[in-house]
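> Sequence plus the predicted model coming up.
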Amino acid sequence: MDLGLKDKRVLVTGASSNIGRATAVVFGAEGARVAVGYHSDKAGAEETAALVEKAGGDAVTVGFDLGDQDSVEQAAASVTAAFGGVDVLVNNAVAWPGFPAPGELFETAPVEAMRRSLEANLLGQYILTRAVVAPMRERGWGRVAHISTGLVEDGLPGSSPYTTAKAGLHGLTRTMSRELARSGILTNLVMSGFVVGDRQMPPEIIAKAEAAAATGRTTTATEVANMVVFLCSAANGNVTGELIRADGHFPAPV
């Protein structure tokens, strides 16, 4: 199937590794021009860019901080200058606030953790999307995908800052669809589930995740990437405002 992505200009945030890297590479295999977004792992981003080019696409890297509005807006301008615009945005980057301290309760958790998570996991994505969506509207075509987690639907003790910020992306997806779809801009969200990817995890945790999933295994980064790339392609002509789980029916927590 021709996804109609050749020479499309794509920005993938958090693309130094794991789901972001896999997504950038799949876009590259479709002949897209990919801006590999990163926060601190420049070497990882450069490795991803090399993989994108090896797959058949063009690539540049762009570093920025989603918790800093000026940094976000400068990154959008940088990609526009390099490619002439952005046709597809994948908001994949995430800042994990960390696990609760021993003995910490919902009512004693630091408010600052919530504030930082909202800035880095919701507000930054909102600002970045605003920065690229107006030219999409002018061209009458665009695709936006947000990456989230099934924890928003299932809940996980101690994860309020993270899941609350991600839940905001769910509402943003539905609202963007209503506001932008008639201008040719489709917006969807993919919940990635438990993805081992290139992270080191204890075997017992992986075994629990495999047992919890209906499919009996964890999801690969490439499987999530394939879903994202389809939703962001010309082959998707009328799917918008959807919140899709790509997690092997994985109920959290394990």
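That came in fine, so what should we check first?

> any weak-confidence spans in the stretch 51-200 of the chain?
Within the stretch 51-200 of the chain, the segments meeting pLDDT under 70 span 197-200.

> Okay, helices next: where are they in this structure?
Per DSSP state H, the chain carries helices over the ranges 18-29, 42-55, 69-83, 111-118, 124-139, 151-154, 160-180, 203-212, 221-231.

> deepest of these, which one?
helix 18-29 (a mean of 27; mean count of other Cβ atoms under 10 Å). For glycine as for every other residue, the C-beta is placed from the backbone atoms N, C-alpha and C.

> So for it, mean pLDDT?
Here helix 18-29 scores 97 as its mean pLDDT.

> by how many degrees do that helix and helix 221-231 diverge?
Using axes from the mean of the first three to the mean of the last three Cα atoms, to 10 degrees, the inter-axis angle of helix 18-29 relative to helix 221-231 is 50 degrees.

> Please tell me how far helix 18-29 is from the chain's geometric centre.
Distance of helix 18-29 from the chain centroid (Cα atoms, centre = their mean, to the nearest Å) equals 11 Å.

> cool, and stretch 87-96?
In this view, stretch 87-96 has its centroid 3 Å away from the chain centroid, taken as Cα atoms, centre = their mean.

> What distance separates the opening and closing residues of that stretch?
28 Å (Cα to Cα, to the nearest Å).

> Which positions in it come out as buried?
Using 16 or more other Cβ atoms under 10 Å as the burial criterion, the residues of stretch 87-96 that qualify are 87-95.

> ok, now which ones touch Arg116?
Arg116 sits next to 67, 95, 97, 161 when contact means Cβ atoms under 8 Å, 6 or more residues apart in numbering.

> Most remote residue from the middle of the chain, which is it?
The outermost residue of the chain relative to its centre, with distances by Cα atoms, centre = their mean, is Gly103 at 32.0 Å.

> Give me the distance between that residue and Tyr162.
For Gly103, the distance to Tyr162 (Cβ to Cβ, to the nearest Å) stands at 20 Å.

> Any idea which residue is closest to the centre of the protein?
For the chain, the residue nearest the mean C-alpha position is Asn92 (1.7 Å; Cα atoms, centre = their mean).

> about what we covered before: now tabulate the helices of the chain in TSV and tack on distance to Gly248.
Listed next are these as TSV, based on distance: least, Cβ to Cβ, whole Å:
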stretch	distance to Gly248
helix 18-29	15
helix 42-55	25
helix 69-83	33
helix 111-118	26
helix 124-139	25
helix 151-154	14
helix 160-180	19
helix 203-212	9
helix 221-231	9
